[in-house]
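K.L.:
Here's my sequence, what's the structure:
(2 chains)
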Amino acid sequence: SQTIHQWPATLVQPVGSPLSLECTVEGTSNPNLYWYRQAAGRGLQLLFYSVGIGQISSEVPQNLSASRPQDRQFILSSKKLLLSDSGFYLCAYLGGSNEKLFFGSGTQLSVL
Amino acid sequence: KQEVTQIPAALSVPEGENLVLNCSFTDSAIYNLQWFRQDPGKGLTSLLLIQSSQREQTSGRLNASLDKSSGRSTLYIAASQPGDSATYLCAVRLFGGGSQGNLIFGKGTKLSVKP
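P.N.:
Sure, this is the predicted structure:
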């Protein structure tokens, strides 16, 4: 069966520190992968998506970056966090015969 | 440009009531539409997915309909329960590549079911 793992669940980081959030998918190959951010009381904002290894599309200019070193691994990074990077980060993939979108459990990031 | 709108932003109903959540989209050329549920501080859970060729999908007390010509989808919840309290989001998937990775989300309807 297909599953998606995202960690950590919560993270508190000081301004200016680096960030690395990891997402892995099991039970499927060559999935489309997505990173979303959800600020408090706001909708889902697409940050990055990837259709294959090393293929990253960025939707919003920012100090975040994404990488896909392996088929089922998607990493969200930053060299220096800003206060405005605080939010709820969600990883997702398109899978199944009907190409349904599945989400990870999310990472609550607080930048202080 | 495809836009997805969910109205109302919030809804409060007494337990046991049947209710309808709305999702509208501006471009009828969609690949599929998916309804999600999100509990506070949690990820999104897929409820129902309707392909563009389908009119409705059902799962338990939930029924989702799709009318592409009018650019509307509804999520019907029968006999609502306090455990149904959550935010419900719809997402439209487009054909082909391009911006947004083909997926456009509404901002959700926050449902509160009062016991």
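K.L.:
quick one, what contacts the residue most central in space within chain A?
P.N.:
Taking CA atoms, centre = their mean as the criterion, A:Trp35 is the residue nearest the geometric centre of chain A, at 3.2 Å. Residues near A:Trp35 by CB atoms under 8 Å, 6 or more residues apart in numbering or on different chains: A:Leu21, A:Cys23, A:Leu46, A:Leu47, A:Phe48, A:Tyr49, A:Ala66, A:Phe74, A:Leu76, A:Tyr89, A:Leu90, A:Cys91. Placement of C-beta: from N, CA and C, glycine included.
K.L.:
Would you check how far apart A:Gln38 and B:Thr87 are?
P.N.:
10 Å (CB to CB, to the nearest Å).
K.L.:
Sorry, slip of the keys, the one I care about is B:Ile30.
P.N.:
B:Ile30 is 22 Å from B:Thr87, by CB to CB.
K.L.:
okay, those two: which has more neighbours?
P.N.:
B:Ile30 (22 against 19; other CB atoms under 10 Å in any protein chain shown).
K.L.:
my guess is that one meets B:Ser52, correct?
P.N.:
Yes - using CB atoms under 8 Å, B:Ile30 is in contact with B:Ser52, at 5.5 Å.
K.L.:
Now for those two: what residues contact both?
P.N.:
B:Lys68.
K.L.:
how many neighbours does the spatially closest residue to B:Leu66 that is not a sequence neighbour have?
P.N.:
Excluding the flanking residues, the one nearest B:Leu66 by CB to CB, 6 or more residues apart in numbering or on different chains is B:Ile50, at 4.5 Å. Counted with other CB under 10 Å, the neighbours of B:Ile50 add up to 21.
K.L.:
And the pLDDT at B:Ile50?
P.N.:
Here the pLDDT value assigned to B:Ile50 is 95.
K.L.:
Next: B:Gly98.
P.N.:
Per-residue pLDDT puts B:Gly98 at 53.
K.L.:
where does the worst-scoring helix or strand of chain B on mean pLDDT sit relative to the chain's centre, distance-wise?
P.N.:
Using mean pLDDT, DSSP states H and E, the weakest-scoring helix or strand in chain B turns out to be strand B:103-105, at a mean of 87. Relative to its parent chain, strand B:103-105 has a centroid offset of 11 Å by CA atoms, centre = their mean, to the nearest Å.
K.L.:
near chain B, which residues of chain A show up?
P.N.:
Within reach of chain B by CB under 8 Å from any CB of the partner chain, chain A has these residues: A:6, A:32, A:34, A:42-44, A:46, A:49, A:51, A:57, A:59, A:88, A:90, A:92, A:98-106, A:108.
K.L.:
Report the separation between the two terminal residues of stretch B:71-86.
P.N.:
Terminal residues of stretch B:71-86 lie 24 Å apart, using CA to CA, to the nearest Å.
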